[in-house]
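J.: build the 3D model from these lines:
(chains A, B, C, D and E)
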Amino acid sequence: MKELRDLATKLLAEGTVNVVLGWEEGPRGVRPAFATDAAAAGRLVFDPRCTQNLVPYLSPRRTQVKKLGKAAVVVKGCDARAVAGLVRETQLAREDVVVIGVRCGGVIADPASPEPLSPATVADRCPGCNSREPKLADHTVGELPAAPPGESRRDVRIADLEARTADERWAFWQDELGRCVRCHACREACPMCFCERCVADKTQPQWVDSSPHPRGAFAWNVTRALHLAGRCVDCGECERACPVDIPLGLLNLKLARVASERFGYTATDDPAVPSPVGSFQKDDAQEFIL
Amino acid sequence: MNATLDKTSFEPRLTAFVCNWCTYTGADLAGTSRLQMDANVRIVRLPCTGRIDPLFIVKAFERGADGVIVSGCHPADCHYTSGNYHARRRFAFFKELIEFLGLPEGRITFSWVSASEGQKWREVVNDATARVRALGPFSGYPGTELPAWPAAGAPAPNPAPGGGGER
Amino acid sequence: MNGRTISRSQLAALVDDLVGSGVGVVAPVRAPDGRLDYRPVARLEEAVLDGGLPRLSLKSLFLPPTEPLFSFRKSGPDVAIDSVPTTFPPRLVLGAVPCDAAGVAALDKVMGWDYRDELWFGRREATTIVSVACGKGDASCFCGATGNGPAGTRGADLLLLPLDDGFAVEVVTPKGEALLSAHAGRFGEPPNEADVARRRAGLLEGRVEPVGSLAPVTAWLGGHFDDPVWDGIALRCHGCGACASVCPTCHCFDIVDEPEGVTRGTRRRNWDTCQTARFTLHASGHNPRSVQDARYRQRVLHKFSIYPERFGELLCTGCGRCSRACPGGMDLPDVLGAIAARAAAPAGGAA
Amino acid sequence: MRVGYYPGCSLHGTARELDESLRAVAPPLGLELVEVNDWSCCGATSAHATSHLLSVALPARNLALAEEQGHDQLLAPCAACYNRLASARHAVACDAALAETIEDVLGRPFPSTVAPRNLVEVLRARLDLLRERAVRPLTGLKVACYYGCLLVRPSEVCSFDDPEDPVSMEEVVTATGATPVAWRRRLDCCGGAFSVARTGSVVRLSRAILDDARSAGADAIAVACPMCHSNLDFRQKALVRRGEAELPVLYLSELVGLALGLDAETLGLGRHFVDTKALVERALASKPGPAAKPGPRPSAPAAAAKPASPAAAGTEAV
Amino acid sequence: MARIGVFVCHCGENIGRTVDCARVAGEIGKLPGVVHSVDYKYMCSDPGQALIKQAIAEKGLTGVVVSACSPHMHERTFRRAAGGAGLNPFLCEMANIREHCSWIHEDREAATDKAIDLARVIVEKVKRNVPLETIRIPVEKRALVIGGGIAGIQAALDLADGGAEVVLVEKEPSIGGHMSQLSETFPTLDCSQCILTPRMVEVYQHPRIRLMAYCEVDAVEGYIGNFKVTIRQKARSVDETKCNGCGACQKACVVKNVPSEFDERLGKRTAIYVPFPQAVPNIPVIDREHCAYFKGRARGMKKDACGKCKEACARGAIDFAQEDRFVTEKVGAIVVATGYELYSIGKDQPAAGLKGYGEYGYGTVPDVIDGLQFERLASASGPTAGKLLRPSDGKVPKKIVFLQCVGSRDPAKGIDYCSKVCCMYVAKHTMLYRHKVHDGEATVFYMDVRAAGKGYDEFTRRAVEEDGAVYVRGRVSRVYRDGDVVKVLGFDTLNGTPVEIDADMVVLATAMRPRKGIEKLAQTLSVSYDRHGFINEAHPKLRPVETNTAGVFVAGACQAPRDIPDSVAMASAAAAKVLGLFSNEMLEREPTVARVDAALCAGCFHCERVCPYGAVEHKEVRDRKGNLLKVVADVNPGVCQGCGTCQATCPSKSVELMGFTDEQIYAEVNALAL
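T.: Numbering: from 1, shown residues only, chains lettered A, B, ... in the order given. Now for the predicted structure:
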């Protein structure tokens, strides 16, 4: 923790950056901090409650954060993949941001929870994490803690869903998506959703009905998942942001598997690795095409 | 959603998104060769499979289609050299997602039909129609018609698309 | 206190009577993921009356996330309209949390202000709300500060106060009284006054609300539109509007015409939120609230300044859902506290 | 590999040596022959000459039995039986009306899942095993491969090899170590079923085949059809002119058996009219390796001599 | 509000028979925005088009929908008609109720319902059409001709004489193609060298033709009017600028036994060779596979294994170090004239689905040869200097049997088409044979003699009546060597008897197939080809020399089996088409190209990655004070071909493909709801 605060204070003092994006104690557990001075830098923390991915604040659409000047951002391994995503799609120049990587041993699902990190409270994405030390980082702080506890529940849930019949799956998703109120928190919280105007907001024509009835919810969630196919960095923010707790992560993970099994692409924090979107191989599998 | 089902047996409605250079011309060839086929398919012409967006397919189902056909040039034959390669990746993601969401496999048919394959186009049309007829009407999106009371919080759970359910 | 008591078994029987007589009963139900939702129930066993706050507020039973206003069908020059029924069969909400019931009461004002919303009031008249005093408040609850409290009766027709077995029943409105007399046999003798008072006080024990009285806040807000406190207040807010979706009192909606073919379509009303940039985007491209600070200020002002100014009561029942739902870590009580501090300290004072 | 086995009437009668040799070579080649029980005659020439329906129904019955007994392949070593089974299957596939009538006749739909296989096809599929286990390669033996007309024609029915220029038998013969000779009348008819009705034409045709094989320097003729074998071997005494050397006629399975080191008795070589002793000595003369395990003895008691077939009695040398 | 005019065509009874056109017009007339809806017998006729013009004028139509045949047939016709009446042509669309409806359905009610749906779809689309102006782009007035056979030569000469620059690329060391291998040509029997060589020299000397022999097309980018072609100049190992074709090197070459491709392996050639005496360019090529020097190098020898040709060359033109070089050319149009090759008769076949004729003994019996080999034997510049001698023992064959249709018209062998020219050249062969061997007996096994050209049938009659060729109608079942005689077993179907001939030589008239590697070239040009590999023409009757790819034309036998007269005619037609293209300064291009809305583009540049033509560029968006706001994508209308892949890939749909915008397609899909 101290190492992080000292680094932040030094960067601010040197003028290398004008603001350090990190986490600080808040009224409900930890919350994002925009430290622009030593005092604020002194309040930066890092512990298993720092679930939230701060990279969405680096998107060009966040004009207020941009106004604060050059930023440094504290990133876990999953967050670093989001930085690579923005760099890969020319939303962020790598040299315009200072990345402070933090070695992470897994975070809890709800940042406001007082519970310690345990197999029960660990975030779904953490068990089996392969990027506990982010490679894309200008500085890396903290010792490498033990591997995240617990087993991944989502592999089991996907396998269980895949084992069901098509109609059972349809009923499951219609029920889950039936709760969607189209607040688009999943979109606003996602680092990779940086469109100037989302296709769901395009009214001429209204491809995606704006109403939260099953037809609109289905069209929206299909579009969101597809637009993240091969781009999702698996940071879990969409599922955490959903006020009605729809298991959106399952859709993203399913397509992430398709991207790796079919096209050999796994989410990575190396911006040089091209995303499978917009590229192809002459011999891509086409067993499903007559 | 109030399709008049006066005919006893269910006649599926299929929308076909095809590329202008190969499958559309292949369908023309099937026409000039007078190859008789089912009349359930309506063709929407697009310049290339590269232009076919999953949004079209979802919208087709929203507007009453029971099945969708997507077809274009064989790989390496694309008039625009690579439109079908990009489409193939896009369709791969879309098919895996939509089947994970529970749409039965037979509802959407992907195929490559070249300008000289009038015969194959007929088979694609007839087979797809038969598959969709067997699956029954796509029950659309219950809850989007006039409200079924009581609209208590979440809408009433939805019957599975495969189930009969008058459309 | 013209209260009565009702045992748990009698309450179950009452529910059976109601359902049997065609009155839809809605109550908090535990969903597979452990959270609560207001859902229709057939028997009392399905309901969870002491589980705390459901996911979405009671508002969704009166102003659903989406509802059709009418369907239209064109043939040649003329247009046929299928309108929507505005009278609804009777139903009863059992186990509403007081802060939800209070929200519905607050909204009655704006829904009947200059234009009477038939759909809203159609549902209101058909519904009897039976609240249950809330013992499950957490650090984000501040229903007291908004003048209602865990055993508040605002918006409720009957208030049930949990006893050892069953509940003490407090009649709040004539509709509540009518329910009591219609099913008099189900209700027992009035409760022991002292016991009720003791339990009511017990609800308040050990509750520390994150923010004190809001009167000074309302007063201050009126004149400080450009105060520096607003600068950077919403830096961490994503502008997604999840808070508005879960809020019992947010009631903005968008009206859209959805075509279903060339000649047919439906006009629908959907929930909307002032927190998104699109909410105030003009056709010209200009947006009066272009930054998130302005939008968040609008949310605070509408609830704690504009609504009180017009209707004399807060547009917030202190349920705390917005803080719990916020992915960005925004916390309304914390903001209100900061404003209260600023109101108290006349000059300077860091936000 | 488990294969349904349809011996057909001739393999239980005049062509018993084909059955014996096949059963003997099957185990070393990793083949498990499971005889279809209750099989009946395939109708051969008499059926397809008289009634098309009969010529399809009889094979259909046998294929149905094979399917019910769990076989997806049915080995019919006799070229005529194979041809009938394959033709029936083809006829039904092309004619929906016929398929329906067969369904009524058979009481079940035509068993299209069972694929008829002939002797050459099955042996060619095991060439690598044959080369590996040919302990006594027949080096130096020159063999004329005789397909006859039923094995590769009509092309749309018997599509396992090129109808005009087949190579499958040559491949099997090469695998046994012997050398196939290039000769002309590989695909010419030997007279077939006319051996009784018009013996004159059979003599003319068969003699032309023997002469051509002999002029091509063959030491023996390999055949895969009992009909051809009987016309060339059984009738050879009547065809050979004075002073010409006789030409032994062997079934392909017998040749393969020799290469696998099996003895003449097991392969039924003693049953031939044209003496095969000289040829067997030559084969035995080559380097003997460990004797391959002979197949199970056929259940029927080994008859000493071939019963005098009625045809032989009635004719005299022409 | 839209004012749409709908015109339902009966197309005589092609549509009217199974579609109730009046009901279609009636139903569509009820749609909002449709102010005029009629049906008529022949919309594409003059009176039909007049109906459209009149309706546009009288009713002030803002859009026209013609429900008739396929847009591929008459979209251009009706757009021109609408344009003529002052309506922007791109506000006129067609609904395909013939090929996609009336012709493929019998049930009149179902076909009519479908026709109504298809018309409604296009009406809704036209309501969202926007007027578009054709795009004008500069045209590179240079043409690329691929293939230096007679078709390529003719096209190149016509183009050059028409004023266009030409780049003629030929894979072999010399131009001339298969025609240069022929002795005489039918039906006039004039010697092919005499009529071809002057043309070849004309090509060589023509100021506007850049002849690139021994070169291959490697890659083609760009689009009509602006192709960028990468051409691989294969290393000849001879410096073209120094060599004057004196032939000293060939005399000096020690390797003399390489089977000559030009002589179809009947003759021999040296390692450094010129294919034939009249070769153009007359510059030798070193065959590195057989040349002793290069074989030495291949084995890693440091010392030069041989250098005889270098020593013999007075002008030092031999250059062993020469490597393949790549040249790029900018051209406005491409003519494919790669010609044919003969079907290989033997066992191994180049393409799947093809089978050989083991039973004809080609390759095992030396005296069984194919048509081109007979031409080489008969040719004065051939291996036997024109004397007909059989390859096995060099004797004069007294009896020759010719077999027609070897490969052609034989679905079992994978080729079901007729190769069109064999009947003529076999008749020619019988004549040449009789002229050289007066007592020779020529027998021809045929199925039907197809000699349909001008003077063709008379030519085959002459072969029979004057030169005594014996035509036997029937197939040959087997050809095999019997002693020193070639036995031919056939059957005469006319008198029902088998035929057995002891011939001295057998000539097989084999099928014509497109050149090996045609598929790869077609894919490089993104041109489609049929299952045999022949290039697909745009329309068999109406656009025979064009392909579906704008700017790529086709001539000669690469499009289908074709004889010399047809190939020359087709070459001139292709040249005419190209000259038409070059005749105007700017090329008019369909305006259906993509446009980016800079306000909505987030600059993720997925579109740039998927664009096959590199039409997406970066554009900076600055505010009035000039500081950079963002960098967005921008489409160059000249380069964009309108495939629309960018729009389907763009997450926010900020790019719109004119003619197939989101609004239009949404309206089409929406119109399909009942």
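
J.: is the residue nearest the centre of chain B in a bridge, and if so with what?
T.: Most central in chain B under C-alpha atoms, centre = their mean is residue B:68, positioned 0.1 Å from the mean C-alpha point. Assessed by DSSP bridges, residue B:68 has beta-bridge partners residue B:15, residue B:108.

J.: tell me how far it lies from residue E:229.
T.: Using C-beta to C-beta, to the nearest Å, one gets 40 Å for the distance from residue B:68 to residue E:229. In short, each C-beta sits where N, CA and C put it, glycine included.

J.: next: residue E:262.
T.: Counting by C-beta to C-beta, the gap from residue E:262 to residue E:229 is 27 Å.

J.: for whichever residue of chain B sits closest to chain A, give me phi and psi.
T.: Going by C-beta to the nearest C-beta, chain A is nearest to residue B:102 of chain B, at 2.8 Å. The phi and psi values for residue B:102, taken as degrees, to the nearest 10, are phi 110, psi 10.

J.: same question, residue D:91
T.: phi -60, psi -50.

J.: hang on, the earlier thing: do you know the pLDDT at the residue nearest to the centre of chain B?
T.: Looking at residue B:68, its pLDDT stands at 97.

J.: do residue E:166 as well
T.: The model reports residue E:166 with a pLDDT of 97.

J.: what sits against it?
T.: Contact partners of residue E:166, counting by C-beta atoms under 8 Å, 6 or more residues apart in numbering or on different chains, are E:142-145, E:156, E:159-160, E:206, E:208-210.

J.: distance of it from residue E:656?
T.: For residue E:166, the distance to residue E:656 (C-beta to C-beta) stands at 40 Å.

J.: equivalent analysis for residue D:279, please.
T.: Taking C-beta to C-beta, one finds residue D:279 at 84 Å from residue E:656.

J.: how about residue A:145?
T.: As for residue A:145, its distance to residue E:656 is 51 Å (criterion: C-beta to C-beta).

J.: so the two - more neighbours on which side?
T.: Higher neighbour count among residue A:145 and residue E:656: residue E:656, with 21 against 13, using other C-beta atoms under 10 Å in any protein chain shown.

J.: pretty sure that one sits in a helix.
T.: No. Counting by DSSP: H, G, I helix; E, B strand; the rest coil, residue E:656 falls outside a helix, being strand.

J.: doesn't residue E:595 lie inside a helix?
T.: No. Counting by three-state DSSP, residue E:595 falls outside a helix, being strand.

J.: tell me what it is bridged to.
T.: Beta-bridge partners recorded for residue E:595 (DSSP bridges): residue E:656.

J.: for residue C:237, which residues are in contact?
T.: By C-beta under 8 Å, 6+ apart, residue C:237 lies in contact with C:275, C:292, C:295-296, C:326, C:328, C:330.

J.: switch the cut-off to 7 Å
T.: Neighbour list for residue C:237: C:292, C:296, C:328, C:330 [criterion: C-beta atoms under 7 Å, 6 or more residues apart in numbering or on different chains].

J.: most surrounded residue in these?
T.: Going by other C-beta under 10 Å, residue C:330 tops those with 27 neighbours.

J.: for that residue, give me its contacts.
T.: Contacts for residue C:330 (C-beta under 7 Å, 6+ apart) come out as C:234, C:236-237.

J.: can you redo those as CSV with pLDDT, secondary structure and distance to residue E:293?
T.: CSV is the format used below for the contacts of residue C:330 (pLDDT from 0 to 100; DSSP: H, G, I helix; E, B strand; the rest coil; distance: C-beta to C-beta, whole Å):
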residue, pLDDT, secondary structure, distance to residue E:293
C:234, 93, coil, 80
C:236, 94, coil, 77
C:237, 95, coil, 79
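
J.: go through these and name the one nearest chain A.
T.: With C-beta to the nearest C-beta as the yardstick, the closest approach to chain A among the contacts of residue C:330 comes from residue C:236, at 4.2 Å.

J.: CA atoms only for the one helix or strand residue E:477 maps to, dumped as CSV, please.
T.: Using DSSP states H and E, residue E:477 sits in strand E:476-482. Below are the C-alpha coordinates for strand E:476-482, written out as CSV (Å, rounded to 0.1, in the frame of the first residue of the first chain):
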residue,chain,number,x,y,z
VAL,E,476,-13.5,-48.1,-79.0
SER,E,477,-13.4,-50.3,-76.0
ARG,E,478,-9.7,-51.1,-75.9
VAL,E,479,-6.4,-50.3,-77.6
TYR,E,480,-3.4,-52.5,-76.9
ARG,E,481,-0.1,-53.5,-78.5
ASP,E,482,-0.1,-56.9,-80.2
